[in-house]
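> coordinates only, sequence not included:
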């Protein structure tokens, strides 16, 4: 099995920001060990830009460096044993539409020997979803066909929609739109037993304060495909914690509401900036005078049929024994 995650995407789709957020978040939760000597020289500048809320300058070169995953990672009670895959190289490269379509040398080099390929896509370019994704999805068809036919180690292809706080397209709408041009290809991948996923992330955070959302879900999804899962394998596409609910950005007029329908008031989870918020339990009603919560007519008088409050020994209507 290969030990490479190839990370490709058109310029400006958020690859560098996602990678910086990945290093930050994965080290924070203890999934990887950072080797400072092997990080890109510009890493410190990128972090400064993210913390200050500034834009990261366009990258002008390709990067290749290791993400040293632990042999075992745990996510929400699900444990993945990575085995030989615990040390993994991340390849990063800018690709334009023509690079996918013609399967150029740049594309071939990017996916060579990969076990997983992540493709960043930017849906924030327009409030019209078709216009926003135009030119980013269709060229992948030739590229995916090439990967399947030539890369025997390939087990996972993921479309990662970035910049979540900058648009209001729901993930369900995105997936529906993606399946239109890629429908036959997705069926082909299923036959070849290659996992195909559509996920979303916010590498900066909804308030632009470098508070990444969705990062660990993406890596769990990749690693759970490549490694051995003990316990229940989580489907992150169905996990409510990975469905974007609220942003600090005012949604467009035609934006669809994204809050899932709650079953009951008590069951409805509360989210803020994409995260589930722990709710305090509602206080129990205080007993009224007499030590009862409200009035419960449970005792019927056998003599007159009067409904008496629970706890009485004599009927309040006729005085007969209860």
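Arrived safely. Quick caveat: nothing in here was measured; it's all calculated off a predicted structure.

> Quick check: which helices or strands does whichever strand or helix holds residue 184 pack against?
Secondary structure from DSSP states H and E places residue 184 in helix 171-191. The helices and strands touching helix 171-191, judged by 3 or more CB pairs under 8 Å, 6 or more residues apart in numbering; DSSP states H and E, are helix 129-133, helix 140-150, strand 156-162, strand 195-200. Glycine gets a C-beta too; all of them are placed from N, C-alpha and C.

> Now do the helices in the chain.
With DSSP state H, the ranges of helices along the chain come out as 15-28, 43-52, 97-101, 105-111, 129-133, 140-150, 171-191, 215-226.

> coming back round to it: make JSON lines from the helices and strands packed on helix 171-191 and add mean neighbour count to it.
Output for the helices and strands packed on helix 171-191, formatted as JSON lines (neighbours: other CB atoms under 10 Å):
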{"stretch": "helix 129-133", "mean neighbour count": "16"}
{"stretch": "helix 140-150", "mean neighbour count": "18"}
{"stretch": "strand 156-162", "mean neighbour count": "24"}
{"stretch": "strand 195-200", "mean neighbour count": "20"}
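
> Quick check: which of the ones you listed is nearest to residue 71?
Proximity to residue 71 (CB to CB) singles out strand 156-162 among those, at 19.2 Å.

> Can you list the strands that that closest one pairs with?
strand 116-122 (parallel), strand 195-200 (parallel) (DSSP bridges).

> got the angle for it vs helix 171-191?
For strand 156-162 against helix 171-191, the angle by axes from the mean of the first three to the mean of the last three CA atoms, to 10 degrees is 160 degrees.

> List of residues touching strand 156-162?
Under the criterion CB atoms under 8 Å, 6 or more residues apart in numbering, residues 13-14, 17-18, 115-123, 137, 140, 144, 147, 171, 174, 178, 189, 194-203, 218, 221-222, 225-226 lie in contact with strand 156-162.

> Quick check, pLDDT for the residue nearest to residue 156 when sequence neighbours are not counted.
Counting by CB to CB, 6 or more residues apart in numbering, residue 156 lies nearest to residue 116, which is 3.9 Å off, once chain neighbours are set aside. pLDDT for residue 116: 92.

> Map the structural domains onto the sequence of this structure.
Following automatic domain parsing, the chain resolves into domains at 4-238, 289-322.

> which of those is buried the deepest?
domain 4-238 (a mean of 18; mean count of other CB atoms under 10 Å).

> Look at it and report the distance between its end residues.
Domain 4-238 stretches 27 Å from its first residue to its last (CA to CA, to the nearest Å).

> picking up where we left off before, so for the helix holding residue 184, what's the average pLDDT?
Averaging pLDDT along helix 171-191 gives 91.

> repeat for stretch 35-53
81.

> ok, residues contacting that stretch?
16-17, 20-21, 23-24, 54-57, 59, 63, 65-66, 68, 203-204, 208-210.

> My guess is residue 112 contacts residue 151. True?
Yes. Shown here, residue 112 and residue 151 form a contact pair, counting by CB atoms under 8 Å, at 7.3 Å.

> Mean pLDDT lowest where, among the domains of the chain?
Among the domains of the chain, domain 289-322 carries the lowest mean pLDDT, at a mean of 67.

> beta partners for residue 80?
Bridge pairing for residue 80 (DSSP bridges) gives the partners residue 73, residue 229.

> To clarify, my last question referred to residue 69.
Counting by DSSP bridges, residue 69 is bridged to residue 32.

> hang on, the earlier thing: now the strands paired with strand 156-162 in CSV, with distance to residue 232?
CSV is the format used below for the strands paired with strand 156-162 (distance: least, CB to CB, whole Å):
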stretch, distance to residue 232
strand 116-122, 21
strand 195-200, 17
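
> Which one, of the ones you listed, ends up nearest to residue 89?
strand 116-122 (11.4 Å).

> ok, residues contacting that closest one?
Contacts to strand 116-122, defined as CB under 8 Å, 6+ apart, come from residues 4-10, 12-15, 18, 111, 132-133, 136-137, 140, 147, 154-163, 218, 222, 225-226.

> same thing with stretch 210-219?
Stretch 210-219 is contacted from outside by 18, 21-22, 24-26, 29, 31, 47, 50-51, 75, 118, 158, 160, 164, 199-206, 236, 239, 241-242, 244, 273-275, using CB under 8 Å, 6+ apart.
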